[in-house]
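[1] Predicted coordinates and the sequence they were generated for:
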Amino acid sequence: MTSGTPTATFRDPAGSLSLEGDFAVRTIHPSARDQVMEFVTSQFCSRLQDRGDMVAITIKNTPAGLQLLHPKVPVPTYPWEWTPSQWLAAAQLTLSLCAEALAEGWVLKDATPLNILFVGSRPVLVDVLSFEPWDPAPQDHPSHIWLAYGQYIRTFLLPLLMNRMLSWPLEMSLFKRDGYEPVDLYKALSWSQRFSRAAFWPVTLPARLDKKSGTAKKSGAASGSKPAPQHKSPDLALHLLKRTLADLRKRTRRAMPEHAGSEWDNYTATLTHYTAQESAQKLEWVRNVLEDLKPARVLDIGANTGVFSALAAENGAQVVALERDAAAAESLFRMSRKSRLSIQTIHADLARPTPSVGWDNRETSTLLHRLEAQSEMVLMLAVIHHLILMEQIPIAAILDLAYRLTWRYLVVEWVPVSDPMFQSLMRGRDSLYGSLTEEDLLSACQNRFHTLRRQPLENGRILFLFAKD
């Protein structure tokens with residue numbers, strides 16, 4: 001097993017998950033078999049699968065015990081690779097499914113973004129073991145309390161809220177598997193922020209209560225037997241639970257950061273190195289390539305706000321769009337949701353790809369491992385010069401990675417040294433990069449790619465269609 005390959009999960013007491021061929025295989029522990037079978041054979045479970053809100057399930061009885069087979073998502077992503085609107089979509093799905101489950105006699109016992117994957121622009125619940133029967137009179141807690149409430153706050157609401165209030169990147173969730181603790185956030189907020197409407201309830205109040213609880217315990221004031229849980233009538237408990245979920249939905253929407261633009265999220269509308277005619281020429285050439293070759297899966301690297309991702313999706317491709325700029329990636333995802341195109345947004349940097357993390361670095365896999373050989377065509381439009389000049393990556397290394405990412409075609413836009421954008425990014429390093437030519441690109445393609453099409457543009461840029469050797 002390579003370092004980038006995730007191992008079977010071990011945290012869920014009801015079962016373990018492993019990746020085998022085209023399937024994610026969930027092996028159910030014997031003690032959980034009856035409850036799992038009750039859920040997966042229910043009409044409620046079938047309805048969620050039919051709608052696409054939950055991963056498809058095939059039930060298989062094996063000598064090893066009960067197994068549930070799920071089709072693998074071709075390119076799974078993690079919350080630290082999502083835009084704010086992706087976080088919101090995943091949160092809304094989680095709350096909606098919990099509310100619907102309650103009406104069917106079930107409840108979500110877990111509420112974390114790690115239970116959600118995106119298929120295109122659509123969030124899908126993949127942890128089918130998160131459902132358990134709802135007990136209107138539990139023994140260990142009040143009947144109107146959602147046990148996953150605290151987890152939802154820590155893992156969904158607080159990362160979004162800190163992104164809005166403190167500009168903490170959502171990528172920081174990479175280091176916070178169980179989310180943020182209110183007491184830690186309280187220390188980071190100013191006094192005015194602590195008592196703001198947005199932060200007082202989820203951060204300040206629990207942090208102050210935690211502090212008082214700690215003081216009481218130290219003084220011995222907290223000793224004594226634990227009071228019995230106060231149960232409501234089943235109807236009232238159900239009403240209060242649904243009201244809690246509705247309130248969380250409102251608070252999560254309000255935690256969304258205000259749109260903050262960047263120099264890249266309006267990039268295609270403010271091009272100075274492209275005339276309208278040149279831009280139309282580039283668009284038409286790429287459209288012809290897509291229409292002629294009809295790639296089933298496309299990886300758009302440096303997708304910006306998704307003009308070419310949308311073009312590929314409109315031609316029938318399933319698209320993975322990779323963009324490192326947060327504002328541009330957010331615009332891209334919103335566009336794909338609004339247009340209902342098959343575009344999966346990944347907010348990540350190809351030059352600094354997401355690493356594997358978790359126990360022994362094997363609970364989640366690296367971004368490059370997930371992307372390798374998953375696409376029939378890779379688009380690298382106006383990307384290579386950024387990697388060369390901003391990241392100092394050699395052309396041969398860029399082409400070597402492209403070779404691993406595509407199983408068939410590569411589309412490249414070559415930007416010459418004379419181009420204004422190239423000159424701007426070169427920053428006086430003429431001795432290093434001032435002599436780069438088209439021949440350097442073609443030389444790096446040797447034993448990797450051969451040229452199928454070449455299209456010079458009036459601004460000096462050149463579009464290439466390569467095929468793997």
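    Sure, I can see it.

[2] got the buried residues for stretch 385-405?
    Buried residues in stretch 385-405, counting neighbours by 16 or more other C-beta atoms under 10 Å, are found at 385-389, 393, 395, 398-399, 401-403, 405. Heads up, the C-betas are built off the backbone N, CA and C, glycines and all.

[3] Pipe those residues into JSON lines and attach distance to Leu88, pLDDT and secondary structure per row.
    Shown next, in JSON lines, are those (distance: C-beta to C-beta, whole Å; pLDDT from 0 to 100; DSSP: H, G, I helix; E, B strand; the rest coil):
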{"residue": "His385", "distance to Leu88": "34", "pLDDT": "95", "secondary structure": "helix"}
{"residue": "His386", "distance to Leu88": "29", "pLDDT": "95", "secondary structure": "helix"}
{"residue": "Leu387", "distance to Leu88": "31", "pLDDT": "96", "secondary structure": "helix"}
{"residue": "Ile388", "distance to Leu88": "36", "pLDDT": "94", "secondary structure": "helix"}
{"residue": "Leu389", "distance to Leu88": "35", "pLDDT": "94", "secondary structure": "helix"}
{"residue": "Ile393", "distance to Leu88": "34", "pLDDT": "95", "secondary structure": "coil"}
{"residue": "Ile395", "distance to Leu88": "39", "pLDDT": "96", "secondary structure": "helix"}
{"residue": "Ile398", "distance to Leu88": "34", "pLDDT": "97", "secondary structure": "helix"}
{"residue": "Leu399", "distance to Leu88": "38", "pLDDT": "97", "secondary structure": "helix"}
{"residue": "Leu401", "distance to Leu88": "32", "pLDDT": "97", "secondary structure": "helix"}
{"residue": "Ala402", "distance to Leu88": "33", "pLDDT": "98", "secondary structure": "helix"}
{"residue": "Tyr403", "distance to Leu88": "37", "pLDDT": "98", "secondary structure": "helix"}
{"residue": "Leu405", "distance to Leu88": "29", "pLDDT": "98", "secondary structure": "helix"}
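
[4] Just list whatever residues bridge to the nearest residue in space to Val411 that is not next to it in sequence.
    Closest residue to Val411 apart from its sequence neighbours, by C-beta to C-beta, 6 or more residues apart in numbering: Leu379 at 4.9 Å. In this entry, Leu379 is beta-bridged to Asp300, Val411, by DSSP bridges.

[5] Leu379: what's it in contact with?
    Val286, Val298, Leu299, Asp300, Ile301, Ala303, Phe308, Ala312, Val411 (C-beta atoms under 8 Å, 6 or more residues apart in numbering).

[6] Distance of it relative to Leu238?
    50 Å (C-beta to C-beta, to the nearest Å).

[7] repeat for Arg122
    28 Å.

[8] all strands of the stretch 51-200 of the chain, in order?
    58-62, 65-71, 106-108, 116-119, 122-125, 131-133 (DSSP state E, counting those that start in this stretch).

[9] now for these, which one comes closest to Thr366?
    Proximity to Thr366 (C-beta to C-beta) singles out strand 116-119 among those, at 16.6 Å.

[10] any residues touching the closest one, and which ones?
    Strand 116-119 is contacted from outside by 52, 55, 73, 76-77, 79, 82, 86, 90, 93-94, 123-126, 344-345, using C-beta under 8 Å, 6+ apart.

[11] ok, of these, which come out buried?
    55, 73, 76-77, 79, 82, 86, 90, 93-94, 123-126, 344-345.

[12] Return the set of buried residues in stretch 171-183.
    Within stretch 171-183, the residues scored as buried using 16+ other C-beta under 10 Å are Glu171, Ser173, Leu174, Lys176, Gly179, Tyr180, Pro182.

[13] ignore the last one, stretch 144-159
    Neighbour-count burial for stretch 144-159 [16+ other C-beta under 10 Å]: 144-146, 148, 151-159.

[14] Let's see it as CSV, backbone CA atoms only.
    Taking Å, rounded to 0.1, in the frame of the first residue of the first chain, the C-alpha atoms of stretch 144-159 are listed here in CSV:
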residue,chain,number,x,y,z
HIS,A,144,-35.3,16.9,22.9
ILE,A,145,-31.5,17.1,22.6
TRP,A,146,-29.8,16.2,19.4
LEU,A,147,-26.6,14.4,20.4
ALA,A,148,-24.8,15.5,17.2
TYR,A,149,-25.5,19.1,18.0
GLY,A,150,-22.1,19.9,19.5
GLN,A,151,-20.3,18.1,16.7
TYR,A,152,-22.2,20.1,14.1
ILE,A,153,-21.3,23.4,15.8
ARG,A,154,-17.6,22.5,16.0
THR,A,155,-17.2,21.1,12.5
PHE,A,156,-19.7,23.0,10.4
LEU,A,157,-20.7,26.3,12.0
LEU,A,158,-17.6,27.5,13.7
PRO,A,159,-15.1,27.1,10.8
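
[15] Show me what it is in contact with.
    Against stretch 144-159 from outside (C-beta under 8 Å, 6+ apart): 79, 87, 90-91, 94-95, 98, 107-114, 141, 168, 170, 172-173, 176, 178-182, 185, 202-203, 232, 236-237, 240-241, 244-245, 248, 251-252, 255.

[16] What's the ChimeraX syntax to select whichever of those are buried?
    Here is the ChimeraX selection string for the buried members of those, based on 16+ other C-beta under 10 Å:
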select :79,87,90,91,94,95,98,107,108,109,110,111,112,113,114,168,170,173,176,179,180,182,185,202,203,232,237,240,241,244,245,248,251,252,255
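
[17] Having no further points to raise, I will conclude here.
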